[in-house]
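J.: fold the following.
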Amino acid sequence: MKRNIAILASGSGTNAENIIRYFSKSTSVCIKLVLSNKEDAYVLRRAESLGVPSKVFLKDQWAGGEAILALLKELEIDFVVLAGFLIRVPDVLLHAYPNKIINIHPSLLPKYGGKGMYGDRVHEAVVAAGEETSGITVHYVNEHYDEGAVIFQATCAVSKEDTPSDVAAKVHALEYAHYPLIIEEVVSIR
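T.: A predicted model of the protein is given here:
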């Protein structure tokens, strides 16, 4: 049975594009929708160019989540994947999709997670702390930012000479290599 996935993203959408491309010829997974909370998010253009429908719900609509849930149900979405989505997932979605919403975070949680810790902020904190490793964490989404059960982690070395941009490049490479594979694995068991 083919599983329908919705991707939630707020920004550029490089991870979303990577996921869409990965599953474009899949017989078991269909990326059916991209949702964003920002009208100017570049992920919307990426989705359009790859033939994936997209929709924007503004911040007040995300607060309750009822209209979003109705759309997900209408499109028979089985699983939700966050790819650079920067607002809290509403409780109504968490309850409708228990253990069926996952996120990728650009650090080795529980380090450098929580509200406001995303993108370059994370990489800057890693470098400022003198960390010798960083990486990615794929986790289930719950009511708290970056506190859901960890599914997978991958690491990369951080040298004393690395800038936040260097760390970001290493982390992005891990995201692109691992996230679609982990999505495929998790979707197949849920």
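
J.: how about the strands in the chain?
T.: For the chain, strands defined by DSSP state E occupy the ranges 3-8, 29-36, 54-56, 79-82, 101-105, 133-140, 150-157.

J.: please identify which of those is closest to residue 163.
T.: Taking Cβ to Cβ, strand 133-140 is the member of the strands of the chain nearest to residue 163, at 12.5 Å. For the C-beta atoms, the positions are set from N, CA and C on the backbone; glycine is no exception.

J.: for the closest one, list the C-alpha coordinates in CSV.
T.: C-alpha atoms of strand 133-140 as CSV (Å, rounded to 0.1, in the frame of the first residue of the first chain):
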residue,chain,number,x,y,z
THR,A,133,31.3,16.7,16.9
SER,A,134,27.9,17.7,15.5
GLY,A,135,25.4,16.0,13.4
ILE,A,136,21.7,15.4,12.8
THR,A,137,18.9,14.0,14.8
VAL,A,138,15.7,12.6,13.3
HIS,A,139,13.0,12.4,16.0
TYR,A,140,9.3,12.0,16.5
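
J.: using CSV, write down the CA coordinates of the helix or strand of the chain with the lowest mean pLDDT.
T.: Least confident helix or strand of the chain, by mean pLDDT, DSSP states H and E, is helix 59-64 with a mean of 90. What follows is helix 59-64 as a C-alpha-only set of coordinates in CSV (Å, rounded to 0.1, in the frame of the first residue of the first chain):
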residue,chain,number,x,y,z
LYS,A,59,0.3,31.6,11.6
ASP,A,60,-3.2,32.0,13.1
GLN,A,61,-4.4,29.0,11.1
TRP,A,62,-1.6,26.9,12.5
ALA,A,63,-2.5,27.8,16.1
GLY,A,64,-5.7,25.7,16.0
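
J.: give me the below-cutoff pLDDT ranges for the protein.
T.: In the predicted model of the chain, residues 190 satisfy pLDDT under 70.

J.: quick check: longest helix of the chain.
T.: Counting by DSSP state H, the longest helix found in the chain is helix 164-189.

J.: got the angle for that one vs strand 101-105?
T.: 160 degrees (axes from the mean of the first three to the mean of the last three Cα atoms, to 10 degrees).

J.: show me what helix 164-189 is packed up against.
T.: Judged by 3 or more Cβ pairs under 8 Å, 6 or more residues apart in numbering; DSSP states H and E, the packing partners of helix 164-189 are strand 3-8, helix 14-23, strand 29-36, strand 79-82, strand 101-105, helix 119-128, strand 133-140, strand 150-157.

J.: partner strands of the shortest one, parallel or antiparallel?
T.: Which is strand 79-82. strand 3-8 (parallel), strand 101-105 (parallel) (DSSP bridges).

J.: ok, and what's touching the shortest one?
T.: It refers to strand 101-105. With Cβ atoms under 8 Å, 6 or more residues apart in numbering as the test, strand 101-105 has contacts from 15, 79-83, 85, 89, 93-94, 113, 118, 122, 136-141, 146, 148, 151, 175, 179, 182-183, 186.
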